[in-house]
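Q: whatever this is, show me its structure:
(one chain, ligands or ions: 1)
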Amino acid sequence: LIKTGGHLSEIYVGEKWENFRNCLPARNTLIITDHNVRSIYGSRFGDFPVLSVEPGESSKRLETIEMLVTGMLELGADRSWFILAIGGGVVCDIAGFLASVYMRGLPFGFISSTMLSQVDASVGGKNGVNSGTIKNIIGTFNQPDFVICDPSLLSTLEKDEYLSGLSELIKMGLILDKPLLESVMENRDKIMARDTGVLKSLIARSVKLKAKVVTEDEKEAGKRMILNFGHTFGHAIEAASGQKHGLAVASGMLIACRISVQQGLLQAKDHAWITDIIRYFNLIRPFDLNPSILPEIISRDKKKAGKEINFVLLEKPGKAVIKKINLSELSEYHNYLNGWQ
Ligand SMILES: NC(=O)c1ccc[n+]([C@@H]2O[C@H](COP(=O)([O-])OP(=O)(O)OC[C@H]3O[C@@H](n4cnc5c(N)ncnc54)[C@H](O)[C@@H]3O)[C@@H](O)[C@H]2O)c1
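A: Got it, this is the predicted structure:
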C-alpha cells in the first residue's frame, strides 16, 4: 500500500493478472496496451474496449495521447470511466498521463508486464511523455489505484528486456538493501530461469523499497534522488548507443561505483563484488561515449545545480549517498568501461 497526498495505491505482487476484474471499480473500463502485449495476451483481456499503441519508446509522445483521446471520444468515454494499462513502462507512462489529463482526470490502474515496470516503473506515480529527445518532460505525479505485478508475464519477455529490468532490481539492492543483492546472487540460476516464486519475492522486496522512498519523498525533493543511481551516465550511454535503459544504467552504475572508490567512499573489495554481480548477469554492452556530448546531456539532468551535479554514489553495498560533483570531473570517466568485457 503506498499512501501519498492522501491517495492510496495498492500494489499486488504475485497476483495472477487474469484476476484483474476483482480490482476494477464498478465503472466502464478501457484497456490501453501495445500491439506486442495485445498479440500475446489480448485473447484473455475479456470484452473491454481496447486501444493499443505501437510498441516502444517512440510512442511516448503527445501525438499518441491525442490519438488515444480521439479513440476515447469515439468510444464515448467520460469521467465515469476507468483506464487499465496492460504493458511495460511505456504503456503505463502513457496511460497514467492520459488518465491524468483526459477530462481533467480519470482513475486508473496498471498490470505491469515487463521486469522494468514491475520492479520500478509502475510504483511511484510518475507518468508522462517525451518531447523530441527530452525524456519524460511532460507529465504529472499521479498514483494508480492499483498495480498488479504478475511475474508469470515475464516468461514471454525478450532476454535483453528481462535483463534490463533485472538491472533496476540490482540497483535497488545497491542503494538500499545489501541482503537483496545477496539474495539475487543466491538465486542467480533461478533468476535466469525466470522462476516465478523467486521473482515474486525479489520484486515484492524491490516494490516495498521503492514504495518507502516514494512515500517519504513523492515529488523528488530529496531522498528519491538516490533512485537515480547510475542514471546520469546511464542516460548518456542510452542516448549515445541506443542501449536498453536498464543495460545502460548497469554501465552507469559501474561508473558511479568507480567514482565512489575514487572519492574514498566505497571500498575496493565491495567494488569488486558489485562488478562480479553485474558481470554474472552479463549486463554490460559495449558503447562509445564521446565525452563532448556529456556536458549537454548532463546539463539537461534534473539533478544539475550550476557547475555541479548532485551525483548518487555508494558508501557501501546497500547505502547510497548524494554528493556534489563538478561537471568537468565527470567527463574523465566516459571511457572507464572501454574494452571491459
Ligand atoms: N514512471 C516511472 O517511474 C518510470 C520508471 C522507470 C522507467 N520508466 C519508463 O519506462 C519505459 C521503459 O519501460 P519498459 O522497459 O517496460 O519498456 P516497454 O514498455 O517499451 O516494453 C519493452 C518491450 O517489451 C514488450 N513487452 C511488454 N510486456 C511484454 C511481455 N509480457 N511479453 C513480451 N513482450 C512484452 C513491449 O511491447 C516492448 O516492445 C521508459 O519509457 C521509461 O522512461 C518509467
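Q: top helix in the chain by residue count?
A: Determined from DSSP state H, the single longest helix within the chain is helix 196-216.
Q: residues in contact with the helix or strand following that helix?
A: Scanning forward in sequence from helix 196-216 by DSSP states H and E, the next helix or strand is helix 231-241. For helix 231-241, the surrounding residues in contact (CB atoms under 8 Å, 6 or more residues apart in numbering) are 133, 135, 243-245, 248-253, 255-256, 285, 287-290, 293-294, 297-298, 301, 303, 309, 311-312, 330, 333-334. Glycine gets a C-beta too; all of them are placed from N, C-alpha and C.
Q: narrow those residues to those in strands?
A: Lys135, Ile309, Phe311, Val312 (DSSP state E).
Q: need those in TSV with pLDDT, distance to Thr215 and neighbour count, can you?
A: Formatted as TSV, these follow (pLDDT from 0 to 100; distance: CB to CB, whole Å; neighbours: other CB atoms under 10 Å):
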residue	pLDDT	distance to Thr215	neighbour count
Lys135	84	24	18
Ile309	83	26	21
Phe311	90	24	26
Val312	95	19	27
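Q: near the ligand, which residues of this protein?
A: With CB under 6 Å from any ligand atom as the criterion, the chain comes near the ligand at residues 34, 36-37, 40, 55-57, 60, 87-91, 93, 113-114, 116-117, 120-121, 124, 126-127, 135-136, 153, 156-157, 161, 164, 245.
Q: any quick ChimeraX command for the buried ones out of those residues?
A: Buried residues within the residues of the chain next to the ligand, by 16 or more other CB atoms under 10 Å, are selected in ChimeraX with:
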select :34,36,37,55,60,87,88,89,90,91,93,113,114,116,117,120,121,124,126,127,135,153,157,161,164,245
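Q: mark which of the residues of the chain next to the ligand are part of helices, please.
A: Of those, the ones assigned to helices by DSSP H are Asn36, Val37, Ile40, Gly89, Val90, Val91, Asp93, Leu116, Glu161, Ser164, His245.
Q: quick one on the thing from earlier: buried ones only from the contacts of helix 231-241, please, as a PyMOL command.
A: With 16+ other CB under 10 Å as the criterion, this PyMOL line picks the buried residues out of the contacts of helix 231-241:
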select buried, resi 135+243+244+245+248+249+250+251+252+253+255+256+285+287+289+294+297+298+301+303+309+311+312+330+333+334
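Q: of the contacts of helix 231-241, which belong to helices?
A: Counting by DSSP H, the contacts of helix 231-241 place 245, 248-253, 255-256, 294, 297-298, 330 in helices.
Q: hmm, back to that, make JSON lines out of the ones in helices among the residues of the chain next to the ligand and add pLDDT.
A: Shown next, in JSON lines, are these (pLDDT from 0 to 100):
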{"residue": "Asn36", "pLDDT": "98"}
{"residue": "Val37", "pLDDT": "98"}
{"residue": "Ile40", "pLDDT": "98"}
{"residue": "Gly89", "pLDDT": "95"}
{"residue": "Val90", "pLDDT": "96"}
{"residue": "Val91", "pLDDT": "98"}
{"residue": "Asp93", "pLDDT": "97"}
{"residue": "Leu116", "pLDDT": "96"}
{"residue": "Glu161", "pLDDT": "97"}
{"residue": "Ser164", "pLDDT": "97"}
{"residue": "His245", "pLDDT": "92"}
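Q: spatially, which two of those are the most separated?
A: Using CB to CB, the two most remote members of these are Ile40 and His245, lying 21.2 Å apart.
Q: looking at the ones in helices among the contacts of helix 231-241, which is nearest Leu174?
A: Met253 (6.5 Å).
Q: how many neighbours does the closest residue in space to the closest one that isn't next to it in sequence have?
A: In this structure, Met253 finds its nearest non-sequential neighbour in Gly230, 3.3 Å apart by CB to CB, 6 or more residues apart in numbering. Look at Gly230: counted by other CB atoms under 10 Å, it has 28 neighbours.
Q: got phi/psi on Gly230?
A: For Gly230, the backbone dihedrals are phi 80, psi -10 (criterion: degrees, to the nearest 10).
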